[in-house]
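Novice: Here is a sequence together with a model predicted from it:
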Amino acid sequence: MFKSMIGRLKYAAPLFLVLGSSLVAAHGDKHKAEASGPVDKTQQIWGVAADAGKSDKTITMALSDNMRFSPSKVTVQEGDTVTFKLKNDGAIMHEFVLGTKETLEEHAALMVKFPGMEHSEPYMAHVPPGETREVNWTFNKPGDFDFACLIAGHYQAGMVGTVTVEVK
């Protein structure tokens with residue numbers, strides 16, 4: 001009996017490894033596949049992705065190990081296309097994710113469960129220490145929206161900010 005269990009496990013273990021790793025890495029694999037392709041311009045509550053180099057405004061933002069964005073409050077006009085130039089001034093990985101409070105809280109919970117998850121959506125960017133990344137976004141709806149670093153513990157430590165989109 002023991003021998004037959006080991007025989008079955010021999011085939012089951014690789015299957016579990018493949019399935020488990022695909023759940024955690026799926027987010028990152030998509031990112032790598034799309035990095036050279038067209039930008040996904042699916043309308044979100046907080047706007048739509050924009051092509052690089054097509055912005056009306058550039059906002060340079062520092063991400064730091066004191067779990068803060070600088071600036072943490074941004075105001076733009078409805079219809080503005082913005083390039084967020086994100087500079088990680090810290091010694092650890094940070095990220096920038098645009099959304100609503102609800103979408104950020106949902107994603108933060110996922111990040112706690114799967115801390116190595118990478119991002120593929122055009123409103124998200126991982127920023128390694130000392131490096132700069134960009135997010136290009138068109139704010140085509142007025143309102144108050146949010147951004148955050150959703151790496152496990154960073155959001156909970158207060159690494160958040162707001163974007164106010166004013167009616168033109």
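Specialist: Nice, I can see it.
Novice: What are the contacting residues of the helix or strand in which Val112 is found?
Specialist: Using DSSP states H and E, Val112 sits in helix 101-113. Contacts with helix 101-113, where a contact means Cβ atoms under 8 Å, 6 or more residues apart in numbering, come from 45, 97, 99, 117, 146-148, 150-152, 155-156, 160. C-beta coordinates here come from the backbone N, C-alpha and C atoms, glycine included.
Novice: Now that helix: buried residues?
Specialist: For helix 101-113, the neighbour count (16 or more other Cβ atoms under 10 Å) marks 103-104, 107-108, 111 as buried.
Novice: And for stretch 41-61?
Specialist: Buried residues in stretch 41-61 (16+ other Cβ under 10 Å): 44, 46-50, 55, 59, 61.
Novice: Pretty sure Thr60 sits in a strand.
Specialist: Yes. Assessed by DSSP: H, G, I helix; E, B strand; the rest coil, Thr60 belongs to a strand.
Novice: I figured it hits Thr83, correct?
Specialist: No. Thr60 is beyond contact range of Thr83, at 9.2 Å (criterion: Cβ atoms under 8 Å).
Novice: before we move on, back to that, kindly present the buried residues of stretch 41-61 as a markdown table, with separate columns for distance to Arg133 and secondary structure.
Specialist: Listed next are the buried residues of stretch 41-61 as a markdown table, based on distance: Cβ to Cβ, whole Å; DSSP: H, G, I helix; E, B strand; the rest coil:
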| residue | distance to Arg133 | secondary structure |
| --- | --- | --- |
| Gln44 | 19 | strand |
| Trp46 | 18 | coil |
| Gly47 | 18 | strand |
| Val48 | 19 | strand |
| Ala49 | 14 | strand |
| Ala50 | 15 | coil |
| Ser55 | 14 | coil |
| Ile59 | 13 | strand |
| Met61 | 10 | strand |
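Novice: Out of those, the closest to Lys168 would be?
Specialist: Checking these against Lys168 with Cβ to Cβ, the nearest one is Gly47 at 13.8 Å.
Novice: strand partners of the helix or strand Asn136 falls within, parallel vs antiparallel please.
Specialist: Secondary structure from DSSP H and E places Asn136 in strand 132-138. According to DSSP bridges, strand 132-138 forms sheet pairs with strand 48-49 (antiparallel), strand 81-88 (antiparallel).
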